[in-house]
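> Structure for the following, please:
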Amino acid sequence: MKIRGFKNTNIYFEGQGIVKAGFTIKDNRIHDINFDDSDLLELDDKYIIVPGFIDKHIHGANQSDSMYPTFEHLLNISKSIAQEGVTAYLPTTMTQTIENIVIALENIKEYIAKNVEEGAEVLGAHLEGPFVSKKYKGSQQEKYILPCDIETMKYFQEKSGNSIRQVTFAYEENGQKFSEYLSRQGIVASIGHSDAKFDEVLESVKYGVTSVTHVYNAMRGLHHREAGTLGGSFLADEIYCELIADLVHVSPAAIKVLYKMKGKDKIVLITDALESKHLPDGVYQLGGQKVYVKGDEARLESGVLAGSNLSMNRAIKNFIDVTGVSLTDAIDMATINPAYVLNIDKRKGSIKVGKDADFVVIDRELNVYLTVRGGKVIYKQYR
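Residues are numbered from 1 along each chain as shown. Model prediction:
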């Protein structure tokens, strides 16, 4: 179902806040603001239209994972996360054999080529590993970990059809040259699963690093004699910090510290969600490993945290509840901030003439009633 536009409705415009306004849609983009047309939809005051959410770090949902190399699994993820207000995302791989990673990347490439209109848009791949630290591997399998190698990265990018948009890697291993290569290719260089020291993180921005993967988790922490990866990510103004705001991976107090250090403009909310998202407690898979899910926690047999069951709208709500930030500031962390990191802010991340007509109808409790991508409804609860 296509939508022509809205009138006299609460809409969040970046830089203006929530205002009573309207807009029209043409050729899948926002065409005009406050165009007077009696045929446009008018929503009740309880609803707010906000930009579509962008999840740049998600493994799966609803029994599907980005490493499962079929069209159907990616489509299932795309349709499942639309109910959270997500209109675009990066399917995220795991540290596995080179062969299995390539198969997953080729599947993502083929999915993108089909221009699928259902569900959230696949923007490209997020390669999380195999270039990670064994010390801070988290739930990544150590036997498949490789040192940062540009030739292997070129191979991955070739097989992906140049669809890799972000790479998580351990900067302390050949970080300068690896970061420079990623940056030249237009790929987000994101330090994560890393033992990088404070000085190395500050240095990394000179070579193109712009992101830290799931801040606090799987990285050298802050110590008073060595401020570590965490301290560097706090003080490097150029770096955006991904945050899993499920209140399991990062405590409320630590979230407050992060917000105090980085402010609203350098935090990117992610879910890092697994195939267990939207499903009951039980045993699931991640990168060929069993994951035991109970409530909000997902752990390997060893007890190590392994991704989350977090939805994007709940991540936003949790951040508001913990920090007391405004609804619009928290919305920015799931919309325009990831758009800036991924360099897609010219077409996504806010409601503006000329940008993709990707938006969500929510209430102030972050319940999702309608998700629209390119002017087409991809999820509907709104009556």
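> next helix or strand past the helix or strand encompassing residue 259?
Here residue 259 is covered by helix 252-262, with elements defined by DSSP states H and E. Later in the chain than helix 252-262, the nearest helix or strand by DSSP H and E is strand 267-270.
> what does that following strand contact?
Identification of contacts with strand 267-270 by CB atoms under 8 Å, 6 or more residues apart in numbering yields 55-58, 211, 214, 240-245, 258-259, 312, 315-316, 319, 330, 333-334, 337-338, 341. Every C-beta, even on glycine, is put in place using the N, C-alpha and C of the backbone.
> just the buried members of those residues?
Among those, those scoring as buried are 55-58, 211, 214, 240-245, 258-259, 312, 315-316, 319, 330, 333-334, 337-338, 341 (criterion: 16 or more other CB atoms under 10 Å).
> I'd say residue 233 and residue 217 touch.
No: contact criterion CB atoms under 8 Å: residue 233 and residue 217 do not qualify, at 11.6 Å.
> residues in contact with the helix or strand containing residue 24?
Taking DSSP H and E as the definition, residue 24 sits inside strand 17-26. Strand 17-26 is contacted by residues 2-13, 30-35, 37, 40, 48, 327-328, 351, 353, 357, 375 when judged by CB under 8 Å, 6+ apart.
> Buried only: go through these for me.
Neighbour counting over those (16+ other CB under 10 Å) leaves 3, 5-7, 9-13, 30-31, 40, 48, 327-328, 351, 357, 375 as the buried ones.
> So which of those residues are in helices?
Of the positions in the buried ones among the contacts of strand 17-26, 327-328 sit in helices, assigned by DSSP state H.
> Residue 58 against residue 244, yeah?
No: at 10.6 Å, residue 58 does not count as touching residue 244 under the criterion of CB under 8 Å.
> Overlap in contacts, those two.
Common contacts of residue 58 and residue 244 (CB under 8 Å, 6+ apart): 270-272.
> Now tabulate the residues you listed in CSV and tack on pLDDT, distance to residue 171 and neighbour count.
Output for the shared contacts of residue 58 and residue 244, formatted as CSV (pLDDT from 0 to 100; distance: CB to CB, whole Å; neighbours: other CB atoms under 10 Å):
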residue, pLDDT, distance to residue 171, neighbour count
270, 98, 19, 28
271, 98, 24, 30
272, 98, 20, 27
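> and the residues you listed as a markdown table, adding distance to residue 188?
Below are the shared contacts of residue 58 and residue 244 laid out as a markdown table (distance: CB to CB, whole Å):
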| residue | distance to residue 188 |
| --- | --- |
| 270 | 13 |
| 271 | 17 |
| 272 | 16 |
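> contacting residues for residue 375?
Listed by CB under 8 Å, 6+ apart, the contact set of residue 375 reads 2-3, 25, 28-29, 357.
> so what pLDDT did the closest residue in space to residue 70 that isn't next to it in sequence get?
With sequence-adjacent residues excluded and distances taken as CB to CB, 6 or more residues apart in numbering, residue 70 is closest to residue 107, at 6.7 Å. We have a pLDDT of 98 for residue 107.
> Give me the neighbour count for residue 107.
If you count neighbours by other CB atoms under 10 Å, residue 107 ends up with 21.
> Could you number the chain from 695 rather than 1 from now on?
OK, 695 is where the count begins now, so the last one is residue 801.
> what phi and what psi does the backbone show at it?
Dihedral pair for residue 801: phi -70, psi -40, per degrees, to the nearest 10.
> coming back round to it: for residue 927 and residue 911, indicate the residue with more neighbours.
Neighbour count, other CB under 10 Å: between residue 927 and residue 911, residue 927 has more, with 33 against 18.
> Would you mind listing the buried residues in stretch 900-920?
For stretch 900-920, by 16+ other CB under 10 Å, it's 901-914, 916.
> likewise stretch 771-791?
Residues of stretch 771-791 classed as buried: 771-790 (neighbour count, 16+ other CB under 10 Å).
> What of stretch 876-885?
Neighbour-count burial for stretch 876-885, counted by 16+ other CB under 10 Å, picks out 876, 879, 881-885.
> ok, residue 703 - contacts?
Shown in contact with residue 703 (CB under 8 Å, 6+ apart): 714-716, 735-737, 741, 743.
> top of the residues you listed by neighbour count?
residue 743 (23 neighbours).
> Could you list the domains of this protein?
Annotated domains of the chain cover 699-742+1059-1074, 746-1043 [automatic domain parsing].
> How far off centre is the first one?
Domain 699-742+1059-1074 has its C-alpha centroid displaced from the chain centroid by 23 Å (CA atoms, centre = their mean, to the nearest Å).
> what's the average pLDDT for it?
Computed over domain 699-742+1059-1074, the mean pLDDT rounds to 93.
> Pull up the distance across it, start to finish.
Start-to-end span of domain 699-742+1059-1074 (CA to CA, to the nearest Å) is 16 Å.
> Kindly report the same for the longest one.
Start-to-end span of domain 746-1043 (CA to CA) is 7 Å.
> so how far is it from its chain's centroid?
How far domain 746-1043 lies from its chain's middle: 6 Å, per CA atoms, centre = their mean.
> Give me the pLDDT for residue 981.
The model reports residue 981 with a pLDDT of 87.
> For it, which non-adjacent residue is closest in space?
Excluding the flanking residues, the one nearest residue 981 by CB to CB, 6+ apart is residue 788, at 3.4 Å.
> so that neighbour makes contact with residue 834?
Yes: using CB under 8 Å, residue 788 is in contact with residue 834, at 6.5 Å.
> Please identify every residue contacting each of those two.
Listed as contacting both residue 788 and residue 834 by CB under 8 Å, 6+ apart are 822-823, 981.
> and the residue nearest to residue 978 when sequence neighbours are not counted, which of the three is it?
In space, and not counting its chain neighbours, residue 978 is closest to residue 970: 4.3 Å by CB to CB, 6+ apart. For residue 970, the secondary structure call by DSSP: H, G, I helix; E, B strand; the rest coil comes out as coil.
> I'd like to know how far residue 970 sits from residue 982.
Residue 970 sits at a distance of 15 Å from residue 982 (criterion: CB to CB, to the nearest Å).
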